[in-house]
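Engineer: Mind looking at a prediction? Sequence and model below.
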Amino acid sequence: MKKKIIVFIVAALLIGAGAYYFYISQNKGIEVNVKAVERGRITSYVEEIGEVKVKDYVNIYSPTSGKVTDVKYDVGDVVKKGDVLIRLDGEDISKMIKELDAQRSIIVAQLNEAKEPVDAKSIEKLNIEIKNIEKRIEFAEKDVSDSQMLYSIGASSAQEVEAARRNLDFEMSNLDKAKLDLELMMKPVSANRLAQYKAQLNQIDVQKKNLRDSTKDFTVTSTIEGTVLLKDVEVGSYLQPGMHIMEIGNINNIYVESEILVGDIGKISEGSEVLISSDDLDLKGLKGKVSKIHPTAFSKISDLGIEQKRIKVEIILENANPNLRPGYDLDIKIILEKNDDTLLIPENAVFGMDGKNYVFTVEESKAILREVKTGIESERQIEILAGLEEGEIVILSPDNDLEDGIKVEAGAL
C-alpha cells in the first residue's frame with residue numbers, strides 16, 4: 001500500500017514539473033541582440049591613395065654636347081630663376097668653329113681660282129687632291145671603327161668617338177666639294193658657279209655665327225625658382241643634346257593627385273571636400289578639396305590583376321603641412337554626402353523585403369515589424385530618414401525565425 005502511494009506522489013511531481021517547464025517554455029521569448037536608435041554624424045566617401053606632387057616644376061635638358069666641368073646644386077638645394085646649374089666644356093664648339101674657318105679658306109681659294117683661266121696643271125692638281133682626300137677618308141673610317149670598338153670595351157670615351165665621326169664627315173664634305181670643283185673646272189666659268197661659291201661662304205658664315213651665339217650654352221641655367229627634386233648629372237659626365245639634367249619644382253606649391261574609379265567619379269565634383277591622413281607620417285586632420293577632374297579616363301591593372309578604368313583628380317590642400325614632400329603617398333577620403341545630426345542604426349538591423357526596407361523594433365517584449373526609409377550608408381551604419389524615433393530599440397541581425405509580434409528577450413544594450 002505504501003509503495004503505491006509513493007509511486008503516485010512521484011508521478012504527480014513529474015507531471016507538475018513538466019507542466020511548469022511547458023508553461024515557462026511557452027512564455028520565454030527568443031533571445032535577440034538590440035541597439036538603440038541614436039543621433040550622430042554620418043559621412044559617405046570614396047577612399048583612395050593620393051600622391052603629393054608639385055604644381056610648378058620643370059625638367060632641365062642639355063642644349064648641346066660637352067663634358068660637365070661643374071655642378072652647382074644638389075638634390076634639395078634651393079635655386080633662383082637664372083642661377084647657373086652646370087657648366088660645360090666648350091672645346092667641341094671651338095673646334096667646330098676652327099673647322100669651319102678651314103673650310104671657308106678652301107672655298108675662298110677655289111673662288112679665286114674660278115675667276116682665273118683654268119689650265120691642265122690646275123685640273124691635275126685637283127685630281128691629286130681628290131685622291132689624297134679619298135685616302136684620308138679611308139683612314140678616317142678606320143679611326144671611327146677603332147674608336148667605336150675601344151668605346152665598347154671602355155677603353156675610349158664618347159667624346160673621342162664623336163670627334164672621329166666629325167673628322168670623317170669633314171673629309172667626306174671636302175671630297176664632295178673637290179669633285180664639284182673638278183666638274184665645274186671642266187666647264188667654262190659661269191655666273192652660276194661664282195654664285196655657288198658665294199652661297200657656300202654665306203652658309204659657313206651663318207654656321208659660325210650660330211656656334212658663337214651658342215657659347216651661352218656652356219652654362220645651363222634654371223628657368224624657375226624652386227628646389228632641386230632630381231639630378232641626373234655629375235662632374236665628368238659627357239652630355240649629348242637633349243639629355244636630362246635636373247628636375248626643379250616649387251615644393252611650397254604642392255597638390256595631391258589620385259586615380260578614381262570611373263564608377264565613383266560621377267559622385268565627385270570640383271569643390272568636393274577631402275579628408276587627408278597618413279599613419280606613416282602620423283598625419284591627421286588635413287583637409288583639402290577637389291580642384292580638377294581630368295577629362296579622359298585611362299586603363300590600369302589593379303594589384304589583383306584586374307583591368308580598371310580610372311580618372312585622375314587633383315586636390316589642393318586647405319592647410320599646408322611643411323612635412324609633406326613630392327612623392328609621398330597619402331590616404332584620402334573624398335566626401336560624397338554627409339549629415340551632422342541624423343538618426344543612425346547599425347546596418348545589420350535593416351533588411352529588404354518586396355523592394356522596401358524594414359527593421360524589427362522591440363515593444364513590450366515583442367518584435368514589431370517596421371518599414372523604414374534609409375539614407376546614407378557608411379562604416380556599418382545607416383541613416384534613418386523616416387520610420388523610427390531616437391531612443392527606440394531595434395533588433396540586430398534578425399533571423400528567419402523572427403516574426404511580427406513574436407515574444408523576444410533583448411540582450412544588454
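Structural biologist: That came through, no problem. Residues are numbered from 1 along each chain as shown.
Engineer: tell me which element Glu141 is part of?
Structural biologist: When elements are assigned from DSSP states H and E, Glu141 belongs to helix 120-152.
Engineer: pLDDT averaged over that helix, what's the number?
Structural biologist: For helix 120-152, mean pLDDT is 86.
Engineer: elements contacting that helix?
Structural biologist: For helix 120-152, the packing partners by 3 or more Cβ pairs under 8 Å, 6 or more residues apart in numbering; DSSP states H and E come out as helix 158-185. To be clear about C-beta, it is placed using only N, CA and C from the backbone, and glycine gets the same treatment.
Engineer: Kindly calculate the angle that the helix it packs on makes with helix 120-152.
Structural biologist: Going by axes from the mean of the first three to the mean of the last three Cα atoms, to 10 degrees, helix 158-185 is angled at 160 degrees with respect to helix 120-152.
Engineer: which of the residues in helix 158-185 are buried?
Structural biologist: Neighbour counts over helix 158-185 (16 or more other Cβ atoms under 10 Å) mark 159-164, 166-168, 170-171, 174-175, 177-178, 181, 184-185 as buried.
Engineer: what's the answer for stretch 373-380, then?
Structural biologist: Going by neighbour count (16+ other Cβ under 10 Å), the buried part of stretch 373-380 is Thr374, Gly375, Ile376, Ser378.
Engineer: one step back: identify each buried residue in the helix holding Glu141, please.
Structural biologist: Applying a neighbour-count criterion of 16+ other Cβ under 10 Å, one finds Leu126, Glu129, Ile130, Ile133, Arg136, Ile137, Ala140, Asp143, Val144, Ser147, Tyr151 buried in helix 120-152.
Engineer: so of the buried residues of stretch 373-380, which ones are in strands?
Structural biologist: Of the positions in these, Thr374, Gly375, Ile376, Ser378 sit in strands, assigned by DSSP state E.
Engineer: Excluding chain neighbours, give the residue nearest to the last one in space.
Structural biologist: Think Ser378. In space, Ser378 comes closest to Ser44 once its chain neighbours are excluded; the distance is 4.4 Å by Cβ to Cβ, 6 or more residues apart in numbering.
Engineer: any idea which element that neighbour lies in?
Structural biologist: When secondary structure is defined by DSSP H and E, Ser44 falls within strand 38-54.
Engineer: Dump the C-alpha coordinates for that strand into CSV.
Structural biologist: Listed in CSV are the C-alpha atoms of strand 38-54, where the atom choice follows Å, rounded to 0.1, in the frame of the first residue of the first chain:
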residue,chain,number,x,y,z
GLU,A,38,20.9,57.3,-31.8
ARG,A,39,21.6,60.7,-33.3
GLY,A,40,25.0,61.3,-34.8
ARG,A,41,27.1,62.2,-37.9
ILE,A,42,27.4,60.0,-40.9
THR,A,43,29.6,60.5,-44.0
SER,A,44,29.9,58.6,-47.2
TYR,A,45,33.1,58.9,-49.1
VAL,A,46,35.4,57.4,-51.8
GLU,A,47,38.7,56.2,-50.3
GLU,A,48,41.9,56.0,-52.3
ILE,A,49,45.6,56.7,-52.2
GLY,A,50,46.9,60.1,-53.4
GLU,A,51,50.4,61.1,-54.3
VAL,A,52,51.9,64.5,-53.4
LYS,A,53,53.1,66.5,-56.4
VAL,A,54,54.4,69.9,-57.2
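Engineer: Partner strands of it and their direction?
Structural biologist: The pairing partners recorded for strand 38-54 under DSSP bridges are strand 254-261 (antiparallel), strand 329-346 (antiparallel).
Engineer: Take the ones you listed and write them to TSV, including mean neighbour count.
Structural biologist: Shown next, in TSV, are those (neighbours: other Cβ atoms under 10 Å):
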stretch	mean neighbour count
strand 254-261	19
strand 329-346	17
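Engineer: Mind putting the ones you listed into CSV with distance to Asn202 and mean pLDDT?
Structural biologist: Below are the strands paired with strand 38-54 laid out as CSV (distance: least, Cβ to Cβ, whole Å; pLDDT from 0 to 100):
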stretch, distance to Asn202, mean pLDDT
strand 254-261, 52, 94
strand 329-346, 59, 93
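Engineer: any chance of these in CSV, with distance to Tyr358 too?
Structural biologist: Formatted as CSV, the strands paired with strand 38-54 follow (distance: least, Cβ to Cβ, whole Å):
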stretch, distance to Tyr358
strand 254-261, 31
strand 329-346, 12
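Engineer: what's the closest of these to Ala102?
Structural biologist: Put simply, out of the strands paired with strand 38-54 the one that sits nearest Ala102 is strand 254-261, at 54.3 Å, with distance taken as Cβ to Cβ.
Engineer: Could you list the residues in contact with that closest one?
Structural biologist: For strand 254-261, the external contacting residues (Cβ atoms under 8 Å, 6 or more residues apart in numbering) are 46, 48-55, 268, 274, 276, 288, 291, 300, 308-317, 324, 326, 330, 332, 334.
Engineer: Narrow those residues to just the buried residues.
Structural biologist: 46, 48, 50, 52, 54, 268, 274, 276, 288, 291, 310-315, 317, 324, 326, 330, 332, 334.
Engineer: List the contacts of Glu141.
Structural biologist: With Cβ under 8 Å, 6+ apart as the criterion, the residues that contact Glu141 are Leu168.
Engineer: Let's see that with 10 Å instead.
Structural biologist: With contact set as Cβ atoms under 10 Å, 6 or more residues apart in numbering, Glu141 has these partners: Ala164, Leu168, Glu171, Met172.
Engineer: Quickly note the distance from the nearest residue to the second one once chain neighbours are set aside to Asp101.
Structural biologist: With Cβ to Cβ, 6+ apart as the criterion, Leu168 has its nearest non-adjacent residue at 4.0 Å, and that residue is Ala140. As defined by Cβ to Cβ, to the nearest Å, Ala140 lies at a distance of 20 Å from Asp101.
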